Structure formats: structure tokens, C-alpha cells
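> Below is the sequence, then the predicted model.
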Amino acid sequence: RKEVEQDPGPFNVPEGATVAFNCTYSNSASQSFFWYRQDCRKEPKLLMSVYSSGNEDGRFTAQLNRASQYISLLIRDSKLSDSATYLCVVNRPGGYALNFGKGTSLLVTP
Amino acid sequence: SQTIHQWPATLVQPVGSPLSLECTVEGTSNPNLYWYRQAAGRGLQLLFYSVGIGQISSEVPQNLSASRPQDRQFILSSKKLLLSDSGFYLCAWKVDFQSGYTFGSGTRLTVV
């Protein structure tokens, strides 16, 4: 089983739509969770951390379900500029490194 | 503020040639440093990480090596490149155990 699994998509949505991405992780001892955004041929950039109580940053909402080992990202009122690949990231327990999912591709169309 | 520099941005190298990629971090001390590779259409693969000068942990490879000669410098090397070494190489650093990474802008390596 892969450490971090995501639906690769692509998700094609019209502007203004709401879209949700899901991610599962395998190690129940993981403690730090993140969503990164990667534009084509660019480096990944931190979008937001994910906290146990859930957190929101503008149009973006992240949720964590530790019991199910499940992380989600909700994007409301999608913009054309949201088109990118979204990476789910989980820390390696007891270590210093992070594990990345392969990413979910989002295309927002006019 | 902290910044991370990585160069070159693009590199085309023949099979069997050596490789040296450099990464430096400014504005912080004793960062945890990482080298990742992203092959075409694939996820990020951790290659090496370092928690201090001279300390290198290797995840995978075979014909790649890493060194940390100074606190804020991390170097990825190979003596002889293979075609399979092509990919997008990313250096990253993180502040502490709980934080996420900040990535450099990456080096796109094509081995021909």
C-alpha cells in the first residue's frame, strides 16, 4: 500500500464551481499534514497545513479524519488560476521527511 | 527572510557524464535539507536528506550521492549519469519537525 494515495483526476470544472479532493494515508502515527500546489513545470508550493479541527483559508478548506486516515481539500468558487496539480503530503513518523501523493490535476474552464 | 537557491535551472547531459547540482539556503541556520526527484508523470521521490553538516541519509540511489559541506549548502552529485536519471530535481528545506517544506525552483535534467 502506498503511503499517500490520491485520485489523479483530472478534474475538469467550470469557473465558480466547488470541487473536492481526497487523500488517504497509510501510517496512523503521522502527525503533520499539508496540501501543496504545483503548477506545470514549477516547484510545489505550500497551499495550507491541515489541522485536526479542520481549517479554512479563503476559498480553501482542509479537513482531517484521523480515524479514517483521510484528508480532504475543498475549493469553493473555483478560479481559472486554481488550475494546477494538488499534492497531499504527510510526514513520516519518527523522521524528518515528508511523503507526497502523486497529485490530483485540476483544470478550471471558462 | 529565508530563501533557497538552486541551480542550474535546466541541464542537458550525455550518458556517462558527471553531475553536480547545488542548493543553498539563506536567512536560517541548521536547516533540514532534502533532495527530491520528480520523473515525468510521477510523484516526488525522496533521494537524500540531511539534518546537519556532514550528515546524509540516503533513501534510494544507486549512482547518486549527496554532500553537505557547509550548514546551508547541499550538493547532489553523480559520477556517471544514466538515462533514468532524467527528471526534475528539487532541493527543499524545512524549519522544524512539524513544518512543511519550502522548495527551490528546481533543476530540469535531461540525460541524452
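That came through fine. Numbering: from 1, shown residues only, chains lettered A, B, ... in the order given.

> can you pull the contacts of residue B:55?
By C-beta atoms under 8 Å, 6 or more residues apart in numbering or on different chains, the residues touching residue B:55 are residue B:68. Heads up, the C-betas are built off the backbone N, CA and C, glycines and all.

> Any idea what it is bridged to?
Note on residue B:55: beta-bridge partners residue B:52, judged by DSSP bridges.

> what about the nearest residue to residue B:12 once chain neighbours are set aside, distance to chain A?
Closest residue in space to residue B:12, ignoring its immediate chain neighbours: residue B:110 at 4.8 Å, by C-beta to C-beta, 6 or more residues apart in numbering or on different chains. In this view, residue B:110 and chain A are 13 Å apart by C-beta to the nearest C-beta, to the nearest Å.

> Quick check: residue B:110 touching residue B:11?
Yes - between residue B:110 and residue B:11 there is a contact under C-beta atoms under 8 Å: 7.2 Å.

> And those two? Which one has more around it.
Set residue B:110 next to residue B:11 and count neighbours by other C-beta atoms under 10 Å in any protein chain shown: residue B:11 wins out with 17 against 12.

> which strands and helices sit next to the helix or strand bottoming out on mean pLDDT in chain A?
Sorting the helices and strands of chain A by mean pLDDT, DSSP states H and E puts strand A:98-100 at the bottom, at a mean of 92. Other elements packing on strand A:98-100 under the criterion 3 or more C-beta pairs under 8 Å, 6 or more residues apart in numbering or on different chains; DSSP states H and E are strand A:84-91.

> what sits against the closest residue to residue A:85 other than its chain neighbours?
Spatial nearest neighbour of residue A:85, chain neighbours left out: residue A:103 (4.1 Å); criterion: C-beta to C-beta, 6+ apart. Shown in contact with residue A:103 (C-beta under 8 Å, 6+ apart): A:6, A:8, A:38, A:85-88, B:43.

> Now that we have the residues you listed, which of them are buried?
A:6, A:38, A:85-88, B:43 (16 or more other C-beta atoms under 10 Å in any protein chain shown).

> which parts of chain B sit against chain A?
Taking C-beta under 8 Å from any C-beta of the partner chain as the criterion, the neighbours of chain A within chain B are B:32, B:34, B:36, B:42-44, B:46, B:49, B:51, B:59, B:88, B:90, B:94, B:97-106, B:108.

> Buried subset of the residues you listed as a PyMOL selection?
Applying 16+ other C-beta under 10 Å to those leaves a buried subset, and the PyMOL line that selects it is:
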select buried, chain B and resi 32+34+36+43+44+46+49+88+90+94+99+100+101+102+103+104+106
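
> pLDDT weak spots in the chain?
Answering for chain A, as no chain was given. A:1, A:95 (pLDDT under 70).

> The chain in question should be chain B.
B:61, B:97.

> All set, thanks.
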